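**Student:** quick one, structure for this:
(chains A and B)
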Amino acid sequence: GENVEQHPSTLSVQEGDSAVIKCTYSDSASNYFPWYKQELGKRPQLIIDIRSNVGEKKDQRIAVTLNKTAKHFSLHITETQPEDSAVYFCAAVTDKLIFGTGTRLQVFP
Amino acid sequence: NAGVTQTPKFRILKIGQSMTLQCAQDMNHNYMYWYRQDPGMGLKLIYYSVGAGITDKGEVPNGYNVSRSTTEDFPLRLELAAPSQTSVYFCASSYSVRSSYNEQFFGPGTRLTVL
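**Tutor:** Next up is the predicted model:
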């Protein structure tokens, strides 16, 4: 079955700096890669996603890139703000969604 | 739309007790899922359903059962609760998986403690 690895597990950045979270997946049939943000005590919320026929997607300060050959995909957050502090999960989808282990991002003012 | 709703929000069980976690969605979604999230950890898929009458195991199905008699409801049953089942349980739904409408919407979660 699908296996998704996510790095790093924790990430601390200064406000205004960029943050990058990386994931790898194992199943070449995976065709959809969403990213979720989960604030403390709350449910995961979709922030951006990318499909296997696209290499990059941007939404304001957030971008996601996908390298299908290497089975890598990454989340890039620019100009980080304290409200970006949360746990971020990547996921890969074939017939079901398998999550990565999460990255705790802390943005210090 | 209420989206995805879950009841109860919190529950404490004794070892060996049973309970059903309720999940309902009003978005006419075909796919429904149950995840568990242990403290400081990611989400693990327990069971999922691609439509009424169809269910399938996820990554961690042992100790749980599900049913899907209607499109709207997807209850999760715990038989003989164990401390290892202490977790936050999230239900989610999506219209599909392989189409353009496959965003998963999550419920607010049920925090379960087994003592």
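**Student:** all strands of the chain, in order?
**Tutor:** Going with chain A. Applying DSSP state E to chain A gives strands spanning A:4-7, A:10-14, A:19-25, A:32-38, A:45-51, A:56-59, A:62-67, A:72-77, A:86-93, A:97-99, A:103-108.
**Student:** nope, chain B
**Tutor:** B:4-7, B:10-13, B:19-25, B:31-37, B:43-51, B:54-57, B:64-66, B:76-78, B:87-94, B:105-106, B:110-114.
**Student:** got the contact list for the residue positioned nearest the centre of chain B?
**Tutor:** The centroid of chain B falls nearest to B:W34 when counting by Cα atoms, centre = their mean (2.7 Å). Applying Cβ atoms under 8 Å, 6 or more residues apart in numbering or on different chains, we find B:W34 in contact with B:21, B:23, B:45-48, B:58, B:64, B:66, B:74, B:76, B:89-92. Where C-beta positions appear, they are placed from N, C-alpha and C, glycine not excepted.
**Student:** which one of these is nearest A:K58?
**Tutor:** B:A92 (25.7 Å; Cβ to Cβ).
**Student:** roughly how far apart are the closest one and A:Y36?
**Tutor:** 10 Å (Cβ to Cβ, to the nearest Å).
**Student:** still on that earlier bit, who wins for most neighbours among the contacts of B:W34?
**Tutor:** In terms of neighbours by other Cβ atoms under 10 Å in any protein chain shown, the contacts of B:W34 top out with B:F74 at 29 neighbours.
**Student:** now that residue: closest residue in space, sequence neighbours ignored.
**Tutor:** Distance criterion Cβ to Cβ, 6 or more residues apart in numbering or on different chains; nearest residue to B:F74, sequence neighbours excluded, is B:M32 at 4.0 Å.
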